[in-house]
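Peer 1: my questions are about this predicted structure, shown below with the sequence.
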Amino acid sequence: MSLPLKGITILAVEHYGAGPFGTMHLADLGADVIKIENKSAGGDSARHVAPYLLGENDSQFFQSMNRNKRSITLDLKSDEGREIFCKLVKKADGVTSNLRGDQPEKLKLTYSDLSKFNKKIVCAHISAYGRSGPRVNWPGYDYLMQGETGFMYLTGEPEGPPTRMGLSIVDWTTGITNMLGLLSSILSARETGIGRDIDVSLFDTALFQTSYTSIWYLNEAHKTKRTPRSAHPVLVPSQLYKAKDGWLYVMAMTEKFWQIIIDLTGKHEISNNPKFSDFKSRLENRDELTGVLDEVFNEKTVSDWMEIFSGKIPIGPVYDLDKALDNPFVVQREMIQTFSHPHKKEIRTLSNPILVDGQRLPVKKAPLLGEHTEKILDELGYSEDEIEVFKKNKVV
């Protein structure tokens, strides 16, 4: 397979979640993503996340976000380490980091620091709260952003406490947003010969995702509140309903879909009720309609309703994670791949959601700590003797 980012080189001073998740997409698409790791600290902190460790300095958590990359151990604070890094910059298209906001300048990872070695270099920075402003030196993580930007307040049942999403959605979207900024700037640099800095923060990305709820508030002072059954704030019915053996999520986002529900259930008396005749009336009487439709959906099982409605209205089963991954549709979509690992015969992982010419992107294991150090140094023209001196001096 010819991968679209082959020939692009990215240096990644990254750790844990947002940064590695973003660069994984570039590596999957063929970019040469080189992780710059601190050997004395055990490399990327994700290597040590339990419970499923894979020998020394590796874990399944790390493998989930770092496949298809290379790793070099490098002490960026030493003179020799800095020299090696700058040689890498000369041949790279981009440098990306996810660090506290004040760290890129201290580590000299900005465009003003690196452009002297490569005018076209793009420096993309992820931080918690940005590289400017009163929180520049604050640490921060996904869950904090979900709290401060309103995600938790909008999630969960109205009578319950604010609730975070089950996954680190802010990390993932920030990583992808950073890669969008990085790739678009690399395209520009190839045209103009001039790179730049790109800044993406967890806070800004989370806040931006409030989308239509924020524009409603900013212009109309409309305050979106939590709704029962994870319902859409204004369109009804679009929420969870109880079937005989589980939960369904039904999304009648148009009057056409609402009428199909009525026709296929045979419950025409519901639509004839003026309380449920249109979106406005259904919103005003949402709680009552929930009870009415619960009685309808409780007549059959989840699979029964899926067979009746599938392809006719937007509807889906609500699974726990094991059922979600064991779903036959996942296999049909070729969304699970396997790769070998020195400490586990076979590791199963999810495919990248991007298809290239109708094919899934290939997957190989994430690198061992410093696995490619000697190879990368050789590519830079260092001799075996020089490499041995670097090792002795703990530069690599």
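Peer 2: Structure received. Numbers count the residues shown, from 1 in each chain.
Peer 1: tell me where the stretch 51-200 of the chain has strands.
Peer 2: 70-73, 94-98, 122-127, 196-201 (DSSP state E, counting those that start in this stretch).
Peer 1: spatially central residue in this protein, please.
Peer 2: With distances taken as Cα atoms, centre = their mean, the residue of the chain nearest its centroid is Trp172 (2.0 Å).
Peer 1: skipping adjacent residues, who's closest to that residue in space?
Peer 2: Nearest non-adjacent residue to Trp172, counting by Cβ to Cβ, 6 or more residues apart in numbering: Phe21, 5.3 Å away. No exception for glycine: its C-beta is placed from N, CA and C like everyone else's.
Peer 1: quick one on the thing from earlier: read off the pLDDT value for the residue nearest to the centre of the chain.
Peer 2: According to the prediction, Trp172 has pLDDT 98.
Peer 1: before we move on, what about Lys345?
Peer 2: Lys345 is given a pLDDT of 89.
Peer 1: low-scoring stretches of the stretch 151-300 of the chain, by residue?
Peer 2: Within the stretch 151-300 of the chain, the set of residues satisfying pLDDT under 70 is empty.
Peer 1: ok so, going back, quick one: which of the strands of the stretch 51-200 of the chain is nearest Gln239?
Peer 2: strand 196-201 (32.5 Å; Cβ to Cβ).
Peer 1: circling back: my read: the residue nearest to Trp172 touches Met65, true?
Peer 2: Yes: applying Cβ atoms under 8 Å as the test, Phe21 and Met65 come out as touching, 5.0 Å apart.
Peer 1: OK, contacts around Val296?
Peer 2: Shown here is Val296, whose contacts under the criterion Cβ atoms under 8 Å, 6 or more residues apart in numbering are Thr265, Lys267, Ile270.
Peer 1: quick check: the second one vs Glu284, distance?
Peer 2: When Cβ to Cβ, to the nearest Å is applied, the distance between Lys267 and Glu284 equals 20 Å.
Peer 1: what of the first one?
Peer 2: As for Thr265, its distance to Glu284 is 22 Å (criterion: Cβ to Cβ).
Peer 1: give me the more crowded residue out of those two.
Peer 2: Per other Cβ atoms under 10 Å, whichever of Thr265 and Glu284 has more neighbours is Thr265, with 17 against 13.
Peer 1: excluding chain neighbours, what is closest to that one?
Peer 2: Val296 is the one closest to Thr265 (Cβ to Cβ, 6+ apart), at 5.5 Å.
Peer 1: what about that neighbour, which helix or strand?
Peer 2: Secondary structure from DSSP states H and E places Val296 in helix 286-297.
Peer 1: buried stuff in that helix?
Peer 2: By 16 or more other Cβ atoms under 10 Å, the buried positions in helix 286-297 come out as Arg286, Leu289, Thr290, Val292, Leu293, Val296, Phe297.
Peer 1: the last one contacts Tyr241, correct?
Peer 2: It stands for Phe297. Yes: contact criterion Cβ under 8 Å: Phe297 and Tyr241 qualify, at 4.5 Å.
Peer 1: hey, what's in contact with both of the two?
Peer 2: Shared contacts of Phe297 and Tyr241 (Cβ under 8 Å, 6+ apart): Leu248, Val250.
Peer 1: around His125, how many other residues sit close by?
Peer 2: His125: 28 neighbours (other Cβ under 10 Å).
Peer 1: then the one 10 residues further on?
Peer 2: Burial of Arg135, expressed as a neighbour count using other Cβ under 10 Å, amounts to 16.
Peer 1: for it, which non-adjacent residue is spatially closest?
Peer 2: The spatially closest residue to Arg135, leaving aside those adjacent along the chain, is Tyr129, at 3.6 Å (Cβ to Cβ, 6+ apart).
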